[in-house]
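1. Attaching a predicted model along with its sequence, questions to come.
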Amino acid sequence: MTALHLRATVLPDGAQRDLWIADGRISLEPVAGAETVFDGGYVLPGLVDAHCHVGIGTQGPVELDEAVTQAETDRDAGTLLIRDCGAPIDTRPLQQRDDLPRIIRAGKHLARPKRYIPKLSDDLDDEQDLPAAVAEQAAYGDGWIKLVGDWIDRSVGDLAPLWSDEVLAEAIDTAHRLGARVTAHVFGEDALPGLINAGIDCIEHGTGLTDETVELMAARGTALVPTLVNVENFPGFAAAATKYPDYATHMTDLYERADRTVGKAIEAGIPVYAGTDAGGGVPHGVLADEVAALHRVGMSVEQALAAASWGAREWLGWSSVEHGAVADLVCYQADPRKDLDVLRAPERILLGGRVF
């Protein structure tokens with residue numbers, strides 16, 4: 001592999017630096033014969049989509065070649081690290097390729113019968129089987145477990161929790177003992193206290209957060225990935241639920257206060273990260289939209305950039321721009337701190353030291 005050289009303003013520190021790349025890794029020391037591939041702009045650590053579904057399409061599970069196309073779309077938008085928040089297909093072959101984003105797999109969604117999107121989850125007839133299912137997914141995935149925390153319960157006509165507090169506590173403890181972290185899909189209010197008190201590590205969406213659960217998450221350090229670009233689909237969910245008027249009204253209410261809800265979480269100091277929920281109802285490659293949305297609801301520009309780059313990388317256990325780190329970098333001609341729309345047009349993308 002040819003040695004490379006970049007000269008740019010490197011974020012987050014904002015200093016102009018020379019970076020060399022040899023054998024796919026960053027060097028802060030000169031490398032003889034390096035070819036300069038970028039000079040004079042701005043460099044970010046590879047972007048992170050912290051809630052993405054490589055392997056899910058508009059009709060459910062997809063074939064592996066379509067999953068590759070999804071990952072390529074994310075890569076070409078600058079997303080070089082993906083926390084795959086549940087996939088019904090085995091995407092481990094994608095992890096063997098050096099031209100696709102790095103994927104942290106959460107295995108399959110864990111749900112109950114008729115309480116999630118068909119064909120996407122492992123559905124447990126008996127909730128007492130959840131701890132064992134968590135152990136199975138911990139062995140299958142890459143250190144994350146994905147629970148479905150709430151979904152419409154057709155017997156009540158509205159969102160409702162899937163699991164009892166006691167089962168959640170045992171399941172999350174099982175995951176932690178096995179070295180895995182746990183996250184959960186949650187739209188409404190009622191499932192949140194049991195999940196947070198059980199020690200869950202992250203909440204996805206979180207549109208039902210209240211002042212009390214925001215305070216609880218902040219105290220426990222529970223992270224939030226609000227997927228604001230997906231929340232834009234809530235009016236459509238409501239309009240389609242003609243048989244369930246309570247659910248429709250609830251989803252409309254959650255949508256109308258979503259910006260304020262996430263803003264309160266940010267203000268309270270909850271760790272918030274950028275995730276698109278790409279796959280199904282959200283296209284891949286739209287991470288810049290989520291970063292802009294996080295800024296809209298209360299993050300500073302630098303906080304929003306961190307939520308999709310160096311901050312998210314640290315949270316997920318990946319390095320940024322340092323000597324010996326993997327050379328996953330996104331280069332821009334203009335300063336994204338001055339205009340977040342800059343994120344939409346990477347000038348150079350380096351994945352493992354390879355230029356795209």
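-> All right, it came through fine.

2. Okay, strands next: where are they in the stretch 1-150 of the chain?
-> With strands called from DSSP state E, counting those that start in this stretch, the stretch 1-150 of the chain shows them at 4-10, 15-22, 25-27, 35-45, 47-52, 56-57, 60-61, 79-84, 102-105, 109-111, 121-123, 144-148, 150-153.

3. Would you map the helices across the stretch 101-250 of the chain?
-> Secondary structure of the stretch 101-250 of the chain (DSSP state H, counting those that start in this stretch): helices at 130-140, 165-177, 192-197, 211-220, 228-231, 234-240, 245-256.

4. Show residues contacting the first one.
-> Meaning helix 130-140. Around helix 130-140, the neighbours that count as contacts under CB atoms under 8 Å, 6 or more residues apart in numbering are 105-108, 110, 122, 124, 145-147, 163, 167-168, 170-172, 174-175, 178-180, 182. Where C-beta positions appear, they are placed from N, C-alpha and C, glycine not excepted.

5. Mean neighbour count, distance to Y332 and mean pLDDT for the strands of the stretch 1-150 of the chain - can I get that in JSON lines?
-> Formatted as JSON lines, the strands of the stretch 1-150 of the chain follow (neighbours: other CB atoms under 10 Å; distance: least, CB to CB, whole Å; pLDDT from 0 to 100):
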{"stretch": "strand 4-10", "mean neighbour count": "20", "distance to Y332": "9", "mean pLDDT": "98"}
{"stretch": "strand 15-22", "mean neighbour count": "17", "distance to Y332": "14", "mean pLDDT": "97"}
{"stretch": "strand 25-27", "mean neighbour count": "20", "distance to Y332": "18", "mean pLDDT": "98"}
{"stretch": "strand 35-45", "mean neighbour count": "18", "distance to Y332": "5", "mean pLDDT": "97"}
{"stretch": "strand 47-52", "mean neighbour count": "30", "distance to Y332": "11", "mean pLDDT": "98"}
{"stretch": "strand 56-57", "mean neighbour count": "22", "distance to Y332": "30", "mean pLDDT": "96"}
{"stretch": "strand 60-61", "mean neighbour count": "14", "distance to Y332": "35", "mean pLDDT": "96"}
{"stretch": "strand 79-84", "mean neighbour count": "28", "distance to Y332": "14", "mean pLDDT": "98"}
{"stretch": "strand 102-105", "mean neighbour count": "23", "distance to Y332": "21", "mean pLDDT": "98"}
{"stretch": "strand 109-111", "mean neighbour count": "25", "distance to Y332": "35", "mean pLDDT": "98"}
{"stretch": "strand 121-123", "mean neighbour count": "19", "distance to Y332": "38", "mean pLDDT": "97"}
{"stretch": "strand 144-148", "mean neighbour count": "27", "distance to Y332": "30", "mean pLDDT": "98"}
{"stretch": "strand 150-153", "mean neighbour count": "22", "distance to Y332": "39", "mean pLDDT": "98"}
